[in-house]
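Peer 1: what follows is a predicted structure for the sequence shown.
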Amino acid sequence: MAEKIRVCLTVNGKDVCTEVEPRMTLVDFLRTELGLTGTHIGCEHGVCGTCTVMMDGEAVRSCLMFAVQAGGRQVTTVEGLALDGELTPLQSSFRRHHALQCGYCTPGMLMSATAFLKRCPHPTADQVRDALSGNICRCTGYIPIIDAVLEVSQCASNPKE
Ligand code: FES
Ligand code: FES
């Protein structure tokens, strides 16, 4: 077994310091070490997007990173979006638009869209499609997801994250 490495990072606003095997992926770390199972695992090679989290505000695929690479960074998972049980405007919009069915892709969709709206608060439909083109959904046909993101982007207030 490889020697463990100490890593300290912030996850959903909480500081975490622990020792991990150098080969442990960030998604496995979040799920198995921290119990944050909202981040899903799909393809495990960067294609499906369901493992997307935010790191320092940018969407990243946590199956393609090692946990040790997150040292010193701010990681936000889907569990970190709602504050005190109150859904973000984007989460509420997903619910209103029925933008999920099985929900497997939803955490990744939310994290990709949240990061996207931070840098592009008033996108066109094409820009939303482009931004979410790396997130695969096998259920919805994507239309309600695009509609949910567009509705939030047209509101006066931006999403919290
Ligand atoms: Fe990471 Fe599919 S599980 S991109
Ligand atoms: Fe089932 Fe997207 S809601 S994969």
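Peer 2: Right, received. Where do you want to start? Ligands and ions are numbered 1, 2, ... in the order given.
Peer 1: thought Arg31 was touching Cys51?
Peer 2: No: the pair Arg31 / Cys51 is not scored as a contact, 9.3 Å apart, by Cβ atoms under 8 Å. Backbone N, C-alpha and C define where each C-beta goes, glycine included.
Peer 1: name the residue in the two with the higher neighbour count.
Peer 2: Set Arg31 next to Cys51 and count neighbours by other Cβ atoms under 10 Å: Cys51 wins out with 28 against 19.
Peer 1: residues in contact with that one?
Peer 2: Applying Cβ atoms under 8 Å, 6 or more residues apart in numbering, we find Cys51 in contact with Val27, Thr39, His40, Ile41, Gly42, Glu44, Arg61, Ser62, Cys63, Gly108.
Peer 1: put the buried members of those into a ChimeraX selection.
Peer 2: Command for ChimeraX that selects the buried part of the contacts of Cys51, burial taken from 16 or more other Cβ atoms under 10 Å:
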select :27,39,40,41,42,61,62,63,108
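Peer 1: pull up the overlap in contacts between Arg31 and Cys51.
Peer 2: With Cβ under 8 Å, 6+ apart as the test, Arg31 and Cys51 both reach Thr39, Ile41.
Peer 1: burial count for Glu58?
Peer 2: The burial count for Glu58: 11, using other Cβ under 10 Å.
Peer 1: just the ones in helices from the contacts of Cys51, please.
Peer 2: In helices, judged by DSSP state H, the following of those are found: Val27, Gly108.
Peer 1: let me have the contacts of Cys51 in CSV, extended by distance to ligand 1 and pLDDT.
Peer 2: Output for those, formatted as CSV (distance: Cβ to the nearest ligand atom, whole Å; pLDDT from 0 to 100):
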residue, distance to ligand 1, pLDDT
Val27, 7, 98
Thr39, 9, 98
His40, 7, 98
Ile41, 5, 98
Gly42, 4, 98
Glu44, 5, 97
Arg61, 5, 98
Ser62, 7, 98
Cys63, 3, 98
Gly108, 8, 98
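Peer 1: ok, and of the contacts of Cys51, which contact ligand 2?
Peer 2: The subset of the contacts of Cys51 within reach of ligand 2, by Cβ under 6 Å from any ligand atom, is empty.
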